[in-house]
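> Next comes the sequence, and after it the predicted model I'd like to discuss.
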Amino acid sequence: MPDNTTAREGDEQQAAEFRAAVARALAAEGRRAFTSETYTREGMFAALREIRRSQDGDPHVEFIGQVARLLAVDIAGVVDVAPKDIASVLMAAGGAVGVLAELHGLRGTTVSGVLQYAADELDLQAKAGEQS
């Protein structure tokens, strides 16, 4: 089996550079951004809950909240992963694809495809024994 360590390290470096560039671009617009160095699970959830509180009463935000509650129930019902772990993955994935969508004007189906391709990549790595 070929050693993909060098390719993986190159991908990780490229991803880190992309995240840093995005963080700089968002900061230049006066928007909060999390980088690999500043990302924490609790920090992300605290920021999200702060945003939700500040937008309380907005009908669009209430609709998103309702859809999100239903989606959370649906996902938790079809995967055998602890809700806390699902939440961590969704938070990281949502942030990543949200930035991609905003920067590149991606449509929902494209964003969905990005997430599914990422899932496939992780599954292939797991099957190859690169990740447990």
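Arrived safely. Numbering: from 1, shown residues only.

> What are the phi and psi values at residue 80?
With angles defined as degrees, to the nearest 10, residue 80 sits at phi -100, psi 60.

> any idea how far residue 6 is from it?
Separation of residue 80 from residue 6 (C-beta to C-beta, to the nearest Å) stands at 34 Å. All C-beta spots, glycine's among them, are computed from the backbone N, C-alpha and C.

> what's the offset of stretch 76-96 from the middle of its chain?
Distance of stretch 76-96 from its chain centroid, counting by C-alpha atoms, centre = their mean, to the nearest Å, is 10 Å.

> Please identify the helix or strand for residue 46.
Here residue 46 sits within helix 41-54, counting by DSSP states H and E.

> Quick one: name whatever helix or strand follows that helix.
helix 59-78.

> quick one: low-confidence parts of the protein?
Within the chain, the stretches with pLDDT under 70 are 1-5, 7, 130-132.

> Make sure residue 86 is actually in contact with residue 80.
No - judged on C-beta atoms under 8 Å, residue 86 makes no contact with residue 80 at a distance of 10.3 Å.

> Pick out whichever of those two has more residues nearby.
residue 86 (14 against 5; other C-beta atoms under 10 Å).

> quick one: buried residues of whichever strand or helix holds the more buried one?
Element membership for residue 86, per DSSP H and E: helix 83-104. By neighbour count on 16 or more other C-beta atoms under 10 Å, the buried set for helix 83-104 is 87, 91, 95, 96, 97, 99, 100.

> This completes my enquiry, with thanks.
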